[in-house]
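K.L.:
for reference, the sequence and a predicted model appear below.
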Amino acid sequence: MRVLVVEDQVVLADSVARALRHEGMAVDVVYDGAAALQRAEVLDYDVVVLDRDLPGVHGDQVCRTLVARESPSRVLMLTASGTVAERVEGLGLGADDYLPKPFAYAELVARIRAVARRSHPATPPVLVHGDLRLDPPRRIATRAGTQLALSPKEFAVLEHLLTARGRVVAAEELLDRVWDEAADPFTTTVKATMNRLRAKLGDPPLIVTVARAGYRI
């Protein structure tokens, strides 16, 4: 999942980004509304975590613009005000969910995953392929009953391949959905991660390389 965090409080924005990356998400960060609109015009984010009280281009205007563009991105709006009237107004702008500050990171992660599911075909909570089981909410992967020690990026790559349901996934797609602005933007990054993931998955091999096309399970 790729997420855009829009928050003018730099310390909070960077803290949220670190927490979401720890959960295996690819996260880009901007600190004002104008930059948010520029990023969202270039990339289709699964979720935009949007502070409502932004300087310059207000969060309300960012939300309105995304809706007017028919952006596929879901909007989770953050605000220091938690009144019912504020929540109703924010949802009326087109936001998909609304979370008052201060918030618990566990709740933020859960809400991001919930709104992201609305953009994609329904998938089971636990992904299964043969003796491989992947539990994204609990961040647990097992094969033949043995838990696998996967890094966040390895877990995210495996989750994306499983949700593709046999479709060939290009390296460029993996870069777009799993990595973010903090990553080395080259397909060699994908290849190195794939080699480590294959080694951890063991035999018989699960991930197939399709020449000049990508990877699939």
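P.N.:
Sure, I can see it. Numbers count the residues shown, from 1 in each chain.

K.L.:
please name the bridge partners of the residue nearest to Leu132 when sequence neighbours are not counted.
P.N.:
Nearest non-adjacent residue to Leu132, counting by C-beta to C-beta, 6 or more residues apart in numbering: Arg143, 5.0 Å away. Heads up, the C-betas are built off the backbone N, CA and C, glycines and all. Using DSSP bridges, the bridge partners assigned to Arg143 are Leu132, Thr146.

K.L.:
how far does the helix or strand harbouring Val48 sit from its chain's centre?
P.N.:
Here Val48 sits within strand 47-51, counting by DSSP states H and E. With C-alpha atoms, centre = their mean, to the nearest Å as the basis, strand 47-51 stands 11 Å off its chain's centre.

K.L.:
any idea of the mean pLDDT for it?
P.N.:
In this model, strand 47-51 has an average pLDDT of 96.

K.L.:
before we move on, what about stretch 205-216?
P.N.:
Here the average pLDDT along stretch 205-216 is 92.

K.L.:
now do stretch 70-79
P.N.:
Stretch 70-79 comes out at a mean pLDDT of 91.

K.L.:
now the end-to-end length of it.
P.N.:
Stretch 70-79 has an end-to-end distance of 23 Å (C-alpha to C-alpha, to the nearest Å).

K.L.:
pLDDT weak spots in this protein?
P.N.:
Filtered on pLDDT under 70, the chain yields the residue ranges 81-83, 87, 90, 119-124, 183-187.

K.L.:
and the contacts of the longest helix belonging to the chain?
P.N.:
For the chain, the helix with the greatest residue count under DSSP state H is helix 187-201. Helix 187-201 is contacted from outside by 132, 143, 148-151, 153-154, 157-158, 171-172, 174-175, 179, 183, 205-207, 215, using C-beta atoms under 8 Å, 6 or more residues apart in numbering.

K.L.:
and for stretch 106-121?
P.N.:
1, 3, 16, 19-20, 23, 25, 46-47, 49, 72-76, 96-97, 99, 123, 136-137, 163.

K.L.:
strands - which of those residues land there?
P.N.:
Among the contacts of stretch 106-121, the residues falling in strands (DSSP state E) are 3, 47, 49, 74-76, 97, 99.

K.L.:
buried ones among those?
P.N.:
Using 16 or more other C-beta atoms under 10 Å as the burial test, the ones in strands among the contacts of stretch 106-121 include 3, 47, 49, 74-76, 97, 99 as buried.

K.L.:
format those as a markdown table; extra columns: distance to Val109.
P.N.:
Converted to a markdown table, those look like this (distance: C-beta to C-beta, whole Å):
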| residue | distance to Val109 |
| --- | --- |
| Val3 | 10 |
| Val47 | 11 |
| Val49 | 11 |
| Arg74 | 14 |
| Val75 | 16 |
| Leu76 | 11 |
| Asp97 | 13 |
| Leu99 | 11 |
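
K.L.:
what's the closest of these to Val10?
P.N.:
Distance to Val10 across these (C-beta to C-beta) is lowest for Val49, with 14.6 Å.

K.L.:
quick one, helices of this structure?
P.N.:
10-22, 33-42, 59-68, 84-92, 105-117, 152-163, 171-178, 187-201.

K.L.:
list the contacts of Met1.
P.N.:
24-26, 46-47, 112-113, 116, 156, 177.
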